[in-house]
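Enquirer: Turn this into a model:
(chains A and B, ligands or ions: 1)
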Amino acid sequence: MKETKIGIVSCSGEECLGGTISRLATRKVLEKLRMGETVTICLPLFIAGGEEERLFAKVFPTIAVDGCSKLCAMRATEKYSGKVNAVVNVAEILGEEKALSELVSLKEMPQDYEEIVDKVANEICKKIDKIISDILTKEAMEELESQGKSGGGCCCGNC
Amino acid sequence: MSKVVVIPCSGMGKVYGLIAREAALKVVRELKKNEAETKCLAYLVTGDEEIKNYMQGKKCITIDGCPKMCAAKNAKEAGAEVIEELKSIEFAKEKRAMKPGTATNLNEEGWEVVDYIADKIVEIIDNLEVK
Ligand code: SF4
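Expert: Here you go, the predicted structure:
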């Protein structure tokens, strides 16, 4: 596979628990679970930054991580940058009511927050694996096609 | 007077974003519950009509983590009146907090900077009330 990194854009919403969880789960993926395979960008840079930031979703396959069903990370990325490959909505995992509850500072996290962060982080990882598997399949198909065109042999490589 | 909107940048990749976020939360959840509120910066970035209407002319204090000043720029773009543009990195320098933690977690130094910025915001709001 050509070296591909997956871009993760998270909302980090300041108004509710869902945003805090988005932030923590994204950080966990970037720092631990998929370190080296993933990159991120500060979402507000789409307006404040330049062309470089807006090219983000064109350069990287991208996953949006959102705290609630307003899906700001997805919408902002698609408005300024390009279509995202996948979305993780924390409210779907946590339940809308809990996601929208007003527990937001790191000092006020609920007791079971690590479990929740892990759940969301695992969901992000599943999306990453799916994107990578799709890329590998596409590359394999292209390879087969080009072999077919050049030599007309079968896929075993011996013909 | 309507509530002052405190908008931190929250930058995903930087400790100074996390410091900004925690300072804003301390103000709106503890120190100035009745006088201040926050709104999701990412929501502002979408350019959604609902949040734009809400922000029109609102007095706003922004806290940014890097020189790109995303919170200040996005708040102005949404129509708010930005009365102070704070930079969390400057406060960290003033406190000589060179290693305040990471973008995931703050250490003791980091939380001290958070308190310092939160106090500064309270001062700004108090001055507004006096005027
Ligand atoms: S998706 Fe929800 S939590 Fe995230 S920034 Fe938007 S409104 Fe806030």
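Enquirer: show me where chain A has helices.
Expert: A:17-28, A:45-48, A:51-54, A:56-59, A:72-80, A:90-94, A:96-99, A:113-150 (DSSP state H).
Enquirer: What's the mean pLDDT across the last one?
Expert: Going back to what we said before, that points to helix A:113-150. For helix A:113-150, mean pLDDT is 89.
Enquirer: Please identify the buried residues of that helix?
Expert: Across helix A:113-150, burial judged by 16 or more other Cβ atoms under 10 Å in any protein chain shown covers A:113, A:116-117, A:120-125, A:127-128, A:131-132, A:135. All C-beta spots, glycine's among them, are computed from the backbone N, C-alpha and C.
Enquirer: thinking again about what came up before, using TSV, please lay out the helices of chain A together with distance to residue B:74.
Expert: Shown next, in TSV, are the helices of chain A (distance: least, Cβ to Cβ, whole Å):
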stretch	distance to residue B:74
helix A:17-28	16
helix A:45-48	5
helix A:51-54	13
helix A:56-59	17
helix A:72-80	10
helix A:90-94	22
helix A:96-99	23
helix A:113-150	25
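Enquirer: Apart from its neighbours in sequence, what residue is nearest the residue in chain A that chain B sits nearest to?
Expert: The minimum distance from chain A to chain B, using Cβ to the nearest Cβ, falls at residue A:44 (3.6 Å). Leaving aside its sequence neighbours, residue A:44 sits nearest to residue B:70 (Cβ to Cβ, 6 or more residues apart in numbering or on different chains; 3.6 Å).
Enquirer: ok, how many other residues are close to the one you found?
Expert: The tally of other residues near residue B:70 (other Cβ atoms under 10 Å in any protein chain shown) stands at 29.
Enquirer: for residue A:27, same thing?
Expert: Around residue A:27 there are 23 residues (other Cβ under 10 Å).
Enquirer: which residues touch it?
Expert: B:12, B:103, B:104 (Cβ atoms under 8 Å, 6 or more residues apart in numbering or on different chains).
Enquirer: try 7 Å
Expert: B:103, B:104 (Cβ atoms under 7 Å, 6 or more residues apart in numbering or on different chains).
Enquirer: hang on, isn't residue B:16 packed against residue B:65?
Expert: Yes - counting by Cβ atoms under 7 Å, residue B:16 touches residue B:65, with 3.3 Å between them.
Enquirer: Report the set of residues contacting both of those two.
Expert: Going by Cβ under 7 Å, 6+ apart, residues that sit against residue B:16 and also against residue B:65 are B:88, B:89.
Enquirer: So is stretch B:100-120 next to chain A?
Expert: Yes - contact of stretch B:100-120 with chain A is found when judged by Cβ under 7 Å from any Cβ of the partner chain, involving B:103, B:104.
Enquirer: Could you export stretch B:103-115 as CSV, CA atoms only?
Expert: This file holds the C-alpha atoms of stretch B:103-115, laid out as CSV (Å, rounded to 0.1, in the frame of the first residue of the first chain):
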residue,chain,number,x,y,z
ALA,B,103,-3.1,18.2,24.5
THR,B,104,-4.8,15.3,26.3
ASN,B,105,-4.0,16.1,30.0
LEU,B,106,-2.8,19.1,32.0
ASN,B,107,-0.3,18.8,34.9
GLU,B,108,-0.2,21.1,37.9
GLU,B,109,1.5,23.8,36.0
GLY,B,110,-1.1,23.6,33.3
TRP,B,111,-4.0,23.9,35.8
GLU,B,112,-2.3,26.9,37.4
VAL,B,113,-2.3,28.7,34.0
VAL,B,114,-6.0,27.7,33.6
ASP,B,115,-6.8,29.4,36.9
